[in-house]
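Undergrad: I would like the atomic coordinates for the input below:
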Amino acid sequence: QSLAPPTNPGLPLPTPPALWGFFLFCFPWRGLFFCFPYPVSTSIPMQGPAVFEISNMQWQFESGVWVLTPPRPRAVVHFLGGAFVGGLPHLIYDGLLARLARVGCAIVATPYPTYPDHAAIAKAASQQFRATRQRMRWSNLPAIALGHSLGCKLHLLDACCAYQTEAASAPLLRGAILMAYSNASFRQALPWSGWVPAPLAPEFSPTPQATERAIVRHYPAVPTLAIAFERDDIADMDTLHGQLQQRLGDRALLNYQKLAGDHGTSAGSRYPFAAGQNFSPADAIGQWLYQSLNAENERLAHVLERWLCRHFLAV
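TA: Numbers count the residues shown, from 1 in each chain. As a prediction, this is how the structure comes out:
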């Protein structure tokens with residue numbers, strides 16, 4: 001039985017409701033994370049996807065993923081954020097992802113719940129991405145994995161699994177960007193878990209050791225950009241760099257860079273205010289403050305843009 005509302009030309013269509021609230025304008029700076037609220041409205045259509053609009057660029061939520069579509073996409077980026085914050089990728093990582101969309105990357109940001117079975121999370125996120133890519137008719141575009149922290153591990157697990165099943169055919173993944181990769185054990189990731197007796201403490205699946213073996217044995221030979229941050233004492237980037245070198249061998253495929261920043265540098269929002277018709281002193285001060293406090297995130301975005309243009313977006 002159809003659930004579509006009956007059509008009646010004699011009755012006016014209902015006006016879609018609008019929700020008013022506050023969006024957190026966030027940026028990391030010197031190990032701290034600053035957030036300032038500002039008002040936004042979210043129009044919720046009666047049918048179709050939800051829309052979240054900031055700075056005249058829309059995030060669209062459909063079938064469990066957030067999508068940011070440029071006018072003429074030339075590649076599609078699948079983004080997975082860090083543990084817990086990965087549930088709100090369109091908010092926490094909006095600034096960086098919007099920069100990539102402006103250079104021609106369609107963004108599919110998959111939110112996910114955080115729990116110990118990382119293999120199951122990776123599989124579910126991959127299935128959602130594949131379905132979205134097909135639904136949006138982006139199957140002809142190169143697919144690039146982009147991950148932060150735990151999101152890197154999820155992408156690596158999926159890539160290693162897909163390599164074993166797709167080696168004889170054209171692989172889905174054409175490239176990967178791995179930022180502040182984390183492969184911590186349960187006790188390392190959650191220090192407060194030390195009071196739990198060892199026999200009762202859960203462990204992530206796969207374990208850090210099993211993940212390392214999978215990378216060395218099964219990671220596909222695709223262009224890979226690995227990003228470490230100078231003040232990051234959480235990530236396992238040096239270890240990952242060694243594993244990727246051992247697996248890929250060809251240095252032309254692996255680009256390893258260490259940038260200024262910390263574990264949260266990839267997080268942050270777009271500048272939320274559009275300059276008026278006459279550029280005022282307030283506009284100048286606001287943009288200067290944003291650029292000053294967000295300089296490390298801007299530098300990261302520039303590095304990602306340059307790498308993507310070199311490998312996938314060249315005219």
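
Undergrad: Let me see the ranges of the strands in the chain.
TA: Taking DSSP state E, the strands of the chain run over residues 18-29, 32-43, 50-54, 57-62, 65-68, 75-80, 105-109, 143-148, 173-179, 224-229, 254-259.

Undergrad: For the second one, the averaged confidence score.
TA: It refers to strand 32-43. Mean pLDDT, strand 32-43: 43.

Undergrad: what's the answer for the last one, then?
TA: Averaging pLDDT along strand 254-259 yields 96.

Undergrad: That one: which residues count as buried?
TA: L254, N255, Y256, L259 (16 or more other CB atoms under 10 Å). Where you see a C-beta, it was placed from the backbone N, CA and C, and this is true even at glycine.

Undergrad: Help me confirm that the third one comes into contact with G242.
TA: This means Y256. No - using CB atoms under 8 Å, Y256 is not in contact with G242; the gap is 9.9 Å.

Undergrad: returning to that earlier point: can you tell me which of the buried residues of strand 254-259 comes closest to M179?
TA: Looking at the buried residues of strand 254-259 and their distance to M179, the nearest is L259, at 9.3 Å (CB to CB).

Undergrad: so who does the closest one touch?
TA: Contacts were defined as CB atoms under 8 Å, 6 or more residues apart in numbering; by that measure L259 touches I227, A228, F229, E230, T265, E296, R299, L300, V303.

Undergrad: what about the last one, how many residues close to it?
TA: Read that as V303. The tally of other residues near V303 (other CB atoms under 10 Å) stands at 15.

Undergrad: Of the contacts of L259, which one scores lowest on pLDDT?
TA: When the contacts of L259 are compared by pLDDT, E296 scores lowest at 91.

Undergrad: ok, now how distant is that one from L244?
TA: As judged by CB to CB, to the nearest Å, E296 and L244 stand 24 Å apart.

Undergrad: Over to L308?
TA: 18 Å.

Undergrad: next one: A124
TA: Using CB to CB, one gets 25 Å for the distance from A124 to L244.

Undergrad: and M179, what does it touch?
TA: Contacts of M179 by CB under 8 Å, 6+ apart are L146, G147, H148, S149, C152, I227, S266, L300.

Undergrad: so the third one touches G82, yeah?
TA: Which is H148. Yes - assessed by CB under 8 Å, H148 is found in contact with G82 at 5.0 Å.

Undergrad: which residues are common contacts for these two?
TA: Joint contacts of H148 and G82 (CB under 8 Å, 6+ apart) are A180.
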